[in-house]
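Asks: Predicted structure and sequence below. I'll ask about it afterward.
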Amino acid sequence: MKSTHEILQWHDAEQTKHILWRAENGVSAPKKFTIADDTLTADSAYKLACEGCGLLWQGDFQNARQLLQALARRCDRPAKKTRKAAKGEAEQSLSPVPAQLFNLHRQAQSQRARILSMVLIPLSADYSVPLKRAPNVLEACTEAYGALSDTTADSIVSLRELQGLVGAHEWRKKGVVIPELEANIHPHYGVFSPVRGEYIGLIFNAALPTTTLAFDIGTGTGVLAAVLAKRGVQRIIATDQDPRALVCANENMQRLGYAEQVEVTAADLFPEGKAALIICNPPWVPARPSSPIEYAIFDPESRMLRGFLAGLARHLEKNGEGWLLLSDLAEHLGLRTREELLEWISQAGLRVVERIDVKPNHPKTADQTDLLHAARAAEITSLWRLIAIKNKGTP
């Protein structure tokens, strides 16, 4: 994950000050900012934030939290439209195009995130927040930014990112319950959390072609490697190219007692050699991430998906299987067609021997206020069992 470490400069009491800008989501610092405190009204703050002006908070920390909530409410309230604009939108809504809805959704998310990121909090070199009623964020910052050292400096961070660090720290402590493991998986900051469990059940219940050796491509937290280990696969090589994911997966294997079975290694997709079972759960939506942390959700131009399919046959042992976990949400959004997916499978010298489907049950499938509700309500998650044609004969 790319971190942004810019140096900010401003004048205060006839002095020029310099301070580090922290942004683990890769977002650049605001081009302009002003000192803000408890006297700033929410309406004034919202106007400044919409103009791209950062609000460097010097007041009570809990008041900063309340201000952020007030800004969120203003972001989420329906925008006032002119009669002409409303008429134009009504005409377009008669036959909405899913891809356009998705783009509008992404634009709204990006604009909301930009505005809410304008509330800025000072962070001392010892990872303390020098504001009244500020919480202790030492552990959360250490997990995200690294251990304190002689080179750690005072910095500024978006309050929204700081809240994300604290939330990730709490998830890391308590973990995510995985019924199939009868245990918890503990995600680290910046590593995709397995909160949607339907795809885990697919791996847990499908008939195994081998219990000798398996590869888990793009392991993340290591949850699928752990499921294979629990099912009795003797050796699993789990790969990822994100350093945070590698640390996270290793810690989870140690915690679960699977460190002897699961080897976590850095690789872009496949490790060396072949296996009789290779699984992959790539990002499901072929769109451009707006920040590095979104690479677990969005796969630009389906690069990881296509890379997995293109390299699968040469890494499969004779009679081996590749298991691809994929949602068809992209198809319902008009971002990828089923025909394209089947063509990529065919071009890679692969054949589908079975597709096992499950209906997601996460809360958004029932949220009719969601702009993408129709696509989410129709979504199916599938386990595609693939074989190399040259290993099984002609189809």
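Replies: It's in.
Asks: How many residues are close by Glu339?
Replies: For Glu339, the count of nearby residues is 9 (other Cβ atoms under 10 Å). Backbone N, C-alpha and C define where each C-beta goes, glycine included.
Asks: tell me the SS of it?
Replies: helix (DSSP: H, G, I helix; E, B strand; the rest coil).
Asks: who's in contact with it?
Replies: For Glu339, the contact set (Cβ atoms under 8 Å, 6 or more residues apart in numbering) is empty.
Asks: For Glu331, see how far away it is.
Replies: 10 Å (Cβ to Cβ, to the nearest Å).
Asks: OK, contacts around the closest residue to Asn136 other than its chain neighbours?
Replies: Nearest residue to Asn136 in three dimensions, chain neighbours excluded: Ser128, at 7.5 Å (Cβ to Cβ, 6 or more residues apart in numbering). Neighbouring residues of Ser128 by Cβ under 8 Å, 6+ apart: Ala134, Asn136, Val137, Leu138.
Asks: I'd like to know how far Phe61 sits from Leu208.
Replies: Applying Cβ to Cβ to Phe61 and Leu208 gives a distance of 52 Å.
Asks: scratch that, Gly175
Replies: 26 Å.
Asks: Kindly report the same for Leu277.
Replies: Separation of Leu277 from Leu208 (Cβ to Cβ): 7 Å.
Asks: for Pro187, same thing?
Replies: Pro187 is 26 Å from Leu208, by Cβ to Cβ.
Asks: what about these two, which has more around it?
Replies: Pro187 (24 against 16).
Asks: Am I right that Val27 is in contact with Ser117?
Replies: Yes - using Cβ atoms under 8 Å, Val27 makes contact with Ser117 at a distance of 6.3 Å.
Asks: Filter the contacts of Ser128 down to the buried ones.
Replies: Neighbour counting by 16 or more other Cβ atoms under 10 Å classes Ala134, Val137 among the contacts of Ser128 as buried.
Asks: among the contacts of Ser128, which are in strands?
Replies: Members of the contacts of Ser128 lying in strands (criterion: DSSP state E): none.
Asks: List just the nearest of the contacts of Ser128 to Leu335.
Replies: Checking the contacts of Ser128 against Leu335 by Cβ to Cβ gives Val137 as the nearest, at 37.6 Å.
Asks: sorry, back to before: okay, Val27 and Ser117: which has more neighbours?
Replies: Taking other Cβ under 10 Å, Val27 and Ser117 do not tie; Ser117 has more neighbours (21 against 18).
Asks: Look up which residues are beta-bridged to the residue lying closest to that one once chain neighbours are set aside.
Replies: On the basis of Cβ to Cβ, 6+ apart, the spatially nearest residue to Ser117 that is not a chain neighbour turns out to be Ser158, at 4.4 Å. Following DSSP bridges, Ser158 is listed with bridge partners Leu120.
Asks: tell me the contacts of Ser158?
Replies: Counted by Cβ under 8 Å, 6+ apart, Ser158 has contacts Ala23, Val27, Ser117, Met118, Val119, Leu120, Ile121.
Asks: Please tabulate these in TSV, including the columns distance to Leu181 and pLDDT.
Replies: Listed next are those as TSV, based on distance: Cβ to Cβ, whole Å; pLDDT from 0 to 100:
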residue	distance to Leu181	pLDDT
Ala23	34	89
Val27	35	81
Ser117	36	93
Met118	41	96
Val119	38	97
Leu120	40	96
Ile121	37	96
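Asks: what's the farthest-apart pair in those residues?
Replies: It's Val27 and Ile121 that sit farthest apart of the contacts of Ser158, by Cβ to Cβ, at 14.6 Å.
Asks: which ones are touching Glu139?
Replies: Contacts of Glu139 by Cβ under 8 Å, 6+ apart are His169.
Asks: So Thr239 is in contact with Thr265, correct?
Replies: Yes - applying Cβ under 8 Å, one finds Thr239 in contact with Thr265, separated by 5.7 Å.
Asks: any residues in contact with both of those two?
Replies: What both Thr239 and Thr265 touch, as defined by Cβ under 8 Å, 6+ apart, is the set Pro271.
Asks: Looking at those two, which has the bigger crowd around it?
Replies: Between Thr239 and Thr265, Thr239 has the larger neighbour count (other Cβ under 10 Å), namely 23 against 14.
Asks: Validate this expectation: that one resides in a strand.
Replies: Yes - counting by three-state DSSP, Thr239 is part of a strand.
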